[in-house]
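Colleague: Here's a sequence, model it:
(3 chains)
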Amino acid sequence: MLDLDSLNPEQRRGVETIVGPSLILAGAGTGKTRVITFRIAHMLDRGIAPEAIAAMTFTNKAAREMADRVRELVGKERASKIRIGTFHSFCLLILREFGTRLGLPKKFSLAGTSDQLDMLGRAIKEESSLTGVNLEALHAAISRAKNALLTPNEFAQRSMHLMLNLDGDSCAKAYELYERQLKLNRMIDFDDCIFKCVTLLENFPEVRAQLENRYRYYMVDEFQDTNEGQLRLLELVASKHNNVCVVGDDDQSIYSWRGAMFETLERFETMFKGAVLIKLEQNYRCTNTILKAANQVIKNNSKRKDKSLWSESVHEFPLYLEPNANEEDEAKWIALKCMSLIGEGGQAKEIAVLYRANNQARLIELALRELGIPYETFGGSSFFERKEVKDFLAYIRLIVRPDDRLAFWRIINTPHRGIGIKSLEKIEAACQASGHSPFLQAKKLSAELGLTSKSLNALNEFIGELSTIQALEIDTPEQVQQLGDEVIRRFGLVSDIREHTKDAASRDRKIENLKSLPGWLSRCASDMINEQGKLDVHDLLDRLTLNDRDISEKDDKFKSNRVSLMTIHASKGLEFPFVFLCGLEEELFPHKNSIGSIQGITEERRLFYVALTRAKLKLFLTYALERGTGAYKTSRLPSRFIKEIPPEIINGEVSERNFAPSKEEKVAKTISSFANLRAGLSGVVPRK
DNA sequence: GGTTAGAGTATCTTC
DNA sequence: TACTCTAACC
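Modeller: Numbers count the residues shown, from 1 in each chain, chains lettered A, B, ... in the order given. Just a heads-up that it's a prediction; the model follows:
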């Protein structure tokens, strides 16, 4: 049934090496996912129980893709028994089962990014030496500490806090206060999923033994992105049976800033002795021209596992380099070129525009819109970061878990119902005295809070409405939909936005977002029923937190035929026939914050390598000689990485003397572009 | 208690 | 150039 002959010899070796540790070094586009899924199918063919296999990834996107492909290969029934998911979901499951041994509450909840920042904000208010610190930077530092399995004291001793302008003691204090907030809210954060799981397995051998008995074969995808905690976890769960297969590519390690260690591949080899090394070097994605460029560039990094990609492609196109006078011209050129690609028979969805930073997207969006080219952006500010979405979800959370403090504080005066800071302080003081959660405090003892009659009435009305909704049953997706509709109606969420948002466009968008939420929530609920056979609202909330942005993208992605705009980071794992890589300038790419160190530059170079290898056929490289507006206008130099590409494969100039094209040249170029465009449009031929 | 204006700030981004 | 937080004002 499984056609192993369709694999190349190295892929086949990867698939057939099942017992013992193995390390598959898989270059870009070498059929990695195929190897992973075939390997799982092959294990089942050899009689291994699906329940004994655990496959871990880092992103939901990767997990979902793996699950889909495995399902196609081995059927729904067996596929559903295999534990496929992210590291975090795997650990969360274990903590839900055994967490009480660590003293976790039975019904703890998972803090999302905004909850984490909210709690950290509350934490630093308690300590005067922490006023004015950059919340996000502090949060990132604490997160990195947790990923490295460091306690507050250990954190204080490391040099990580130097960039925060804080001494070690203050850092430790912040970390501790933040932990206290988590505990107060009965929450754990993403990093705790891993950290606490490691602690659990280290301290409770019987739990570890149970898991060793349950899962005997482990697979890890994108292994180069593993951080300290995840590596330790893998060691704890997998070292007894020693059946671990990890797949990765050191050249695509682009997440060191979130704790991934470049040496992680070597660490694996020492951790799991005698690992079989398998190298996949035949590429099934790119032209040889693109591979030549990519190989040549990445060679400039030292300390990498030596490998060299090749492919059997027949159609070769030179890379195209386009210098532009400024960023507007760059965006316009890209838009025009997209138009002519589409005119020549390409489809919009075959095109991707990649950039280093999200803020580069705006001008390109503008230029595409002007030409009427459909496009889609990925990443950037996520759906779940939007205020109206967070507010709505806070209502749902408070209904499901009345002791959710963060949700209470978020919506107690949203929409405005005349409960101000003074009232909130009184409620908080009462909560501290009694130990109750604010909702309970307000429900049971609102009369004793000492509020003004206006605030008290508002509070009582709010509590009353919420209690009414709480009484509704939530056992089916339809009831979830009704609940959502009811929340919007009773609390006037739509009318609040209608009255208080001035800008018509953003007002309409917000209302549309809000109205789509109940239906969307109910769809999530029915997905869950399909997978688990039942609906548990607590689980639903967990999933919302873990899944975060991926759900919102799910809907229209398949049918849309649009140009994709995304950062290079977001493009990892994807491929497109036509790729534009823009903003190739010193200080932007490589980014100015990375230029100072060799590690910085080598990571940027890996990022560049990832970008190049996204393209299957044609690759367009652009840069601007001037960027910014007004006082911020600066002249720019082409990126050093351009010079690392062999000049003979570039159809365009690549020399030190790259001046902006003269005005006449620009005009001539634009005219000819339009001519191409028209020629192209008249002969639109649908592909295949 | 709510609103508004002005200052400050700005990688990539996962779960 | 755009968004968020804070402080002064109504």
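Colleague: right, quick check: stretch A:587-600 against DNA strand B, any contact?
Modeller: Yes. With CB under 7 Å from any atom of the strand as the criterion, DNA strand B is reached by stretch A:587-600 at A:591, A:593-594. Every C-beta, even on glycine, is put in place using the N, C-alpha and C of the backbone.
Colleague: Next up, phi/psi of the residue of chain A most remote from its centre, please.
Modeller: The C-alpha centroid of chain A is most remote from A:Ser453, which lies 46.6 Å away (CA atoms, centre = their mean). Backbone geometry at A:Ser453, expressed as degrees, to the nearest 10, gives phi -60, psi -30.
Colleague: ok, back up a step: tell me which of the residues of stretch A:587-600 next to DNA strand B is nearest to A:Glu176?
Modeller: Using CB to CB, A:Asn593 comes nearest to A:Glu176 of the residues of stretch A:587-600 next to DNA strand B, at 29.3 Å.
Colleague: Any regions of the stretch 551-688 of chain A where pLDDT drops low?
Modeller: Under the criterion pLDDT under 70, the flagged ranges of the stretch 551-688 of chain A are A:551-559, A:629-632, A:652-688.
Colleague: hmm, try it at 50
Modeller: A:551-558, A:653-688 (pLDDT under 50).
Colleague: now the helices for it?
Modeller: A:568-571, A:598-612, A:640-643, A:663-682 (DSSP state H, counting those that start in this stretch).
Colleague: thinking again about what came up before, CSV please, covering the residues of stretch A:587-600 next to DNA strand B and showing distance to DNA strand C.
Modeller: What follows is those, written out as CSV (distance: CB to the nearest atom of the strand, whole Å):
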residue, distance to DNA strand C
A:His591, 18
A:Asn593, 18
A:Ser594, 22
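Colleague: Need the buried ones from these selected in ChimeraX.
Modeller: To isolate the buried ones among these in ChimeraX, judged by 16 or more other CB atoms under 10 Å, type:
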select /A:591,594
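Colleague: mind checking how far the one helix or strand A:Leu321 maps to is from the chain centre?
Modeller: Taking DSSP states H and E as the criterion, A:Leu321 maps to strand A:319-324. The chain centre lies 30 Å from the centre of strand A:319-324; the measure is CA atoms, centre = their mean, to the nearest Å.
Colleague: is DNA strand B contacted by the next helix or strand after that strand?
Modeller: Sequence-wise, the next helix or strand downstream of strand A:319-324 (DSSP H and E) is helix A:327-343. No. Using CB under 7 Å from any atom of the strand, helix A:327-343 never reaches DNA strand B; the gap is at least 14.9 Å.
Colleague: relative orientation of helix A:327-343 and strand A:319-324 in degrees?
Modeller: 140 degrees (axes from the mean of the first three to the mean of the last three CA atoms, to 10 degrees).
Colleague: what's downstream of helix A:327-343, the next helix or strand?
Modeller: Counting by DSSP H and E, the next helix or strand C-terminal to helix A:327-343 is strand A:351-355.
Colleague: what comes up buried for the helix or strand following that following strand?
Modeller: Next helix or strand after strand A:351-355 toward the C-terminus (DSSP H and E): helix A:361-370. Neighbour-count burial for helix A:361-370, counted by 16+ other CB under 10 Å, picks out A:361, A:363-365, A:367-368.
Colleague: Which other helices and strands does the helix or strand just after helix A:361-370 contact?
Modeller: Downstream of helix A:361-370, the first helix or strand assigned by DSSP H and E is strand A:375-377. Applying 3 or more CB pairs under 8 Å, 6 or more residues apart in numbering; DSSP states H and E, one finds that strand A:375-377 contacts helix A:361-370, strand A:563-567.
Colleague: From the chain's centre, how far out is the last one? Work that out for me.
Modeller: Distance of strand A:563-567 from the chain centroid (CA atoms, centre = their mean) equals 15 Å.
Colleague: Pairing partners for that strand, with directions?
Modeller: According to DSSP bridges, strand A:563-567 forms sheet pairs with strand A:351-355 (parallel), strand A:375-377 (parallel).
Colleague: what about it and DNA strand B, touching?
Modeller: Yes. Using CB under 7 Å from any atom of the strand, we find that strand A:563-567 touches DNA strand B at A:566-567.
Colleague: how far off helix A:598-612 does that strand point, in degrees?
Modeller: Here the directions of strand A:563-567 and helix A:598-612 differ by 170 degrees (the same axes, to 10 degrees).
Colleague: where does A:Leu280 fall, phi/psi-wise?
Modeller: phi -100, psi 120.
Colleague: so who does the residue lying closest to it once chain neighbours are set aside touch?
Modeller: The shortest distance from A:Leu280 to any non-neighbouring residue, by CB to CB, 6 or more residues apart in numbering, is to A:Thr30 (3.8 Å). Contact analysis of A:Thr30 by CB atoms under 8 Å, 6 or more residues apart in numbering lists A:11, A:280-284, A:309.
Colleague: repeat that with 7 Å
Modeller: A:280-284 (CB atoms under 7 Å, 6 or more residues apart in numbering).
Colleague: and the gap between the residue of the stretch 501-650 of chain A found nearest DNA strand B and DNA strand C?
Modeller: Across the stretch 501-650 of chain A, the shortest distance to DNA strand B (CB to the nearest atom of the strand) belongs to A:Thr567, at 2.9 Å. Note on A:Thr567: its distance to DNA strand C, by CB to the nearest atom of the strand, to the nearest Å, is 17 Å.
Colleague: what number of residues lie near the residue lying closest to A:Glu626 once chain neighbours are set aside?
Modeller: Taking CB to CB, 6+ apart, and ignoring the residues beside it in sequence, A:Glu626 has A:Asn326 as its nearest neighbour in space, at 4.4 Å. The local packing of A:Asn326 (other CB atoms under 10 Å) involves 19 other residues.
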